[in-house]
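> next comes the sequence, and after it the predicted model I'd like to discuss.
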Amino acid sequence: QVQLVESGGGLVQAGGSLRLSCAPSGRTFTTYATGWFRQPPGKEREFVAAITWNGGRSYYADSVKGRFTISRDNAKNTVYLQMNSLKPEDTAVYYCAADSRTPWVATMTGSDYEYWGQGTQVTVSS
């Protein structure tokens, strides 16, 4: 069982930036595709970004393209989500997810991921 730990959430003003981190507890992350999802208040969970095991390919939701960047540092066993130009509508609980079965595929479908973190709150004030 892999436990994912997210960090870096918080309160920020519109236009500001945050960087989220995701790291597995007790496991190496180098053979996992990893995704970020979010759940805004009162809404369904939605895809944000995903990256393959080696960082070769990444994908983004249209709503965050050009503002968010997903990356990974396998030497540090960590995946990041750099969020710039934040908007109030980015307010959500952000979840990290990982999949070892098809690490070369950065899927946008939540059910394709094996493991999930507990989430970290991001609040963007207007």
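Thanks, I have it.
> use CA for all of it now, contacts and neighbours both
Noted.
> burial measure for the residue nearest to Leu86 when sequence neighbours are not counted, as a count.
Leaving aside its chain neighbours, Leu86 sits nearest to Gly15 (4.9 Å; criterion: CA to CA, 6 or more residues apart in numbering). Neighbourhood size, Gly15 [other CA atoms under 10 Å]: 14.
> give the contact list for Gly117.
Gly117 sits next to 3-6, 95-97 when contact means CA atoms under 8 Å, 6 or more residues apart in numbering.
> which ones among the residues you listed lie within strands?
In this view, the contacts of Gly117 that belong to strands under DSSP state E are 3-6, 95-97.
> got those residues as CSV, with distance to Thr28 and neighbour count columns?
Below are these laid out as CSV (distance: CA to CA, whole Å; neighbours: other CA atoms under 10 Å):
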residue, distance to Thr28, neighbour count
Gln3, 11, 16
Leu4, 11, 21
Val5, 13, 19
Glu6, 15, 24
Tyr95, 19, 26
Cys96, 15, 31
Ala97, 14, 26
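> among these, which two are most distant?
The span of the ones in strands among the contacts of Gly117, defined through CA to CA, is set by Gln3 and Tyr95 at 12.1 Å.
> common neighbours of these two, please.
Listed contacts common to Gln3 and Tyr95 are 116-117; contacts here mean CA under 8 Å, 6+ apart.
> which non-adjacent residue is nearest the residue positioned nearest the centre of the chain?
For the chain, Trp36 is the residue whose C-alpha lies nearest the centre (CA atoms, centre = their mean; 2.4 Å). Nearest residue to Trp36 in three dimensions, chain neighbours excluded: Cys96, at 4.7 Å (CA to CA, 6+ apart).
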